[in-house]
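Give me a model of this one.
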Amino acid sequence: MVNWPADARLSAQLHFVLEVDKLKAVLRQVHLQDGSRPENTAEHSWHVCLLAMTLEEHVNEPKPDLNKVIRMLLLHDIVEIDAGDTFAFDQEGYLDKDARETAAARRLFGLLPEDQRATWSALWHEFEEGTSPEARSANALDRLLPLLQNYASGGGSWVRHRVAHSQVLQRITPLKDVSGRLWDFATSMLDRAVEEGMLRDDRPRSQQCTPTR
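Next comes the predicted model:
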C-alpha cells in the first residue's frame, strides 16, 4: 500500500498518476507493425501526440492550439481503464460506449483536486463533442493513426474483421476539414489498401478498377 503524503492535494495527484498506470494494460485492436502483439492504449496516446506534433504543418489554417490538441489526445482515452477499448467498427459496442466512458471519466478525473478535475474533465468533454478547432483536429488525427498502422502492418485489424473501404472512409471523414493534404493522402492509401487486399471493396462501381487480361 502506498504511503501517501500528508498534503491532500499532492496525495490526490499521485493517486491519479498511479491509477492511470492501468492504461498500459488496456489492449487495442491495432497491432505493432511487426505483428508481435496488440498495442496498448498508453502507447497509442503517446504515438498520436507525436503524430500531432509531427504533422502540425499540414493542418489547415488557421491552425488550432497544438498544446491544447496534445492535452486532449493525452486525456481522452484514459477512460478506457474502466470502459475498455471499443473497436471503431463494433456497432454493438458503440451502443453503450458513451455511458461507459462518461462514468469512467467521472471516476478517474474525480481522483484529482477540484480545479484539475474541472479543467481536465472539460477538455475530455470538448474532445468528445468535437466542435472546437482543437477537438476537430485531435479527433481527425486520432482516426488517421490507426489507418497508417493497419496499412503498414499489411491490413491488421481490417483483415481480421473484414472491414470494408466505406467503413474506414466514413471513419476518417473528419480529416477532410482539418487537412486537405492529409485527406488526399489518406483516401489514396485506402484505395491502395483495397487493391492490395487489405480492405473489402465496396466502392461505387465507377471507382473500382477493372482487371486487365
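
how near is Thr54 to Phe127?
20 Å (Cβ to Cβ, to the nearest Å). Quick note: C-beta positions are derived from backbone N, CA and C, even for glycine.

Between these two, which is the more surrounded one?
Higher neighbour count among Thr54 and Phe127: Phe127, with 23 against 10, using other Cβ atoms under 10 Å.

List the contacts of the more buried one.
Residues near Phe127 by Cβ atoms under 8 Å, 6 or more residues apart in numbering: Met72, Leu73, Leu75, His76, Ala135, Ala138, Asn139.

Now the helix or strand containing the last one - C-alpha only, CSV.
Take DSSP states H and E as the rule and Asn139 turns out to sit in helix 133-152. As requested, the backbone C-alpha atoms of helix 133-152 are provided in CSV (Å, rounded to 0.1, in the frame of the first residue of the first chain):
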residue,chain,number,x,y,z
PRO,A,133,-10.9,23.7,-33.8
GLU,A,134,-8.7,21.8,-31.4
ALA,A,135,-11.2,19.0,-30.8
ARG,A,136,-11.8,18.6,-34.6
SER,A,137,-8.0,18.4,-35.2
ALA,A,138,-7.5,15.9,-32.3
ASN,A,139,-10.3,13.7,-33.4
ALA,A,140,-9.1,13.6,-37.0
LEU,A,141,-5.6,12.7,-36.1
ASP,A,142,-6.7,10.1,-33.7
ARG,A,143,-8.5,8.4,-36.6
LEU,A,144,-5.6,8.8,-39.0
LEU,A,145,-3.1,7.0,-36.9
PRO,A,146,-4.8,3.5,-37.0
LEU,A,147,-5.1,3.9,-40.8
LEU,A,148,-1.4,4.3,-41.0
GLN,A,149,-0.7,1.4,-38.6
ASN,A,150,-3.1,-1.0,-40.3
TYR,A,151,-1.7,-0.3,-43.7
ALA,A,152,1.9,-0.6,-42.6
